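**Q** quick one, structure for this:
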Amino acid sequence: NTAVSPVQHTYNTLGTYTVTLTVSGSDGTSVLGMTNCIATSYSPPSLWAWLTFNNTLADAAGNGHTGMFVGNAGYSSDVPNATGGSASLNLPDNSSSVLVSNPGDLDMNTGHPFTLACWFAGIINSGSWPVLIIKQPASNWVCTSNNRAVLEISPDGHLYYGVACVGAVESTATVTDGLWHHGVIVYDGASYQLYVDGVADGSGTFAGCNEGAQGEPAWTFNVGYGLVGNVDEVAFWNEALTAIQVQRVYANGAGASLGTMTPFQIWQLEYFGCTNCPQAAPEADPLGKGMSNTNQFLAGLNPTNPAS
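**A** Here you go, the predicted model:
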């Protein structure tokens, strides 16, 4: 409601909006409506740690979180897809892992948002609790005073994230079929959302870690513990990624741009889980409905539903 021209409004959340402009004057009222017209720009989340395991243990995020092989850990040419480079981390026995340096700023404490992601494969359900990633005190761990955080596989073969003696969230999807899977845990400072292969699968509200609460030394951050299999593309953000951003990481890799997306790209991710795959191309008609994706987007249709 303004007499200022031009009319301006600032949108602070990435998304697609319907905008209605109503102009009233002595000659009457005119209404102009526009749909799918805005994708805001903002400062996107930045990777804080990124171990690609592409025949290197360097932190590709450039923040000094270099890895160090423990036991018989090494590299494998088995990778999840083209975004995984040419190698992954191979853990041939349950005493092998990778110890990550400078873990103090990989903050998983209560109230501090973060996102943790990785690919994993070759893990067959053995009834144990193979650990993908764990952050815990370097020594003298006590459940009631040092609440370590663990992304692991439950005995029934589900992806599981827990803060010891506090709470946990578990997927319904089974991930112990030996194939590559992508796991993500997102914490917004209050609640957790688990993702398996880009799909939200399990949520919960509970406190985070309490690193430093007892005045203890910095905790350790390990990739792999009691796990036999492969791990790749371990990534950590000091922010909570949105569902669309998680889908983008799953489809295009941890190094994918998480910044401004056009409304059409958001639509592509919502229905196809990717922006550069053939079925999501602007000119594609994946179900043969006689309309390109571009025209279905403009019409507000679901391109994966034959009845839409």
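
**Q** now the element after the helix or strand in which residue 268 is found, going C-ward?
**A** Using DSSP states H and E, residue 268 maps to helix 263-272. Beyond helix 263-272 in the direction of the C-terminus, DSSP H and E gives the next helix or strand as helix 293-299.

**Q** can you point out the buried residues in that following helix?
**A** Across helix 293-299, burial judged by 16 or more other Cβ atoms under 10 Å covers 293, 296, 297. Glycine gets a C-beta too; all of them are placed from N, C-alpha and C.

**Q** number of residues surrounding residue 23?
**A** Look at residue 23: counted by other Cβ atoms under 10 Å, it has 11 neighbours.

**Q** would it count as being in a strand?
**A** Yes. According to DSSP: H, G, I helix; E, B strand; the rest coil, residue 23 belongs to a strand.

**Q** now do the same for it: its pLDDT.
**A** Residue 23 is assigned a pLDDT of 70 by the prediction.

**Q** give me the below-cutoff pLDDT ranges for the stretch 201-308 of the chain.
**A** Scanning the stretch 201-308 of the chain for pLDDT under 70 picks out 259-261.

**Q** distance to residue 115 for the buried residues of helix 293-299 - can I get that in TSV?
**A** Formatted as TSV, the buried residues of helix 293-299 follow (distance: Cβ to Cβ, whole Å):
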residue	distance to residue 115
293	29
296	31
297	28
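
**Q** which one of the residues you listed is nearest residue 68?
**A** residue 293 (46.1 Å; Cβ to Cβ).

**Q** OK, contacts around residue 283?
**A** 292, 293, 294 (Cβ atoms under 8 Å, 6 or more residues apart in numbering).

**Q** before we move on, what SS does the most centrally placed residue in the chain have?
**A** In the chain, the centroid-proximal residue (Cα atoms, centre = their mean) is residue 246; its distance is 3.8 Å. The assignment at residue 246 comes out as helix when based on three-state DSSP.

**Q** verify the stated contact: it with residue 186.
**A** Yes. Applying Cβ atoms under 8 Å as the test, residue 246 and residue 186 come out as touching, 6.8 Å apart.
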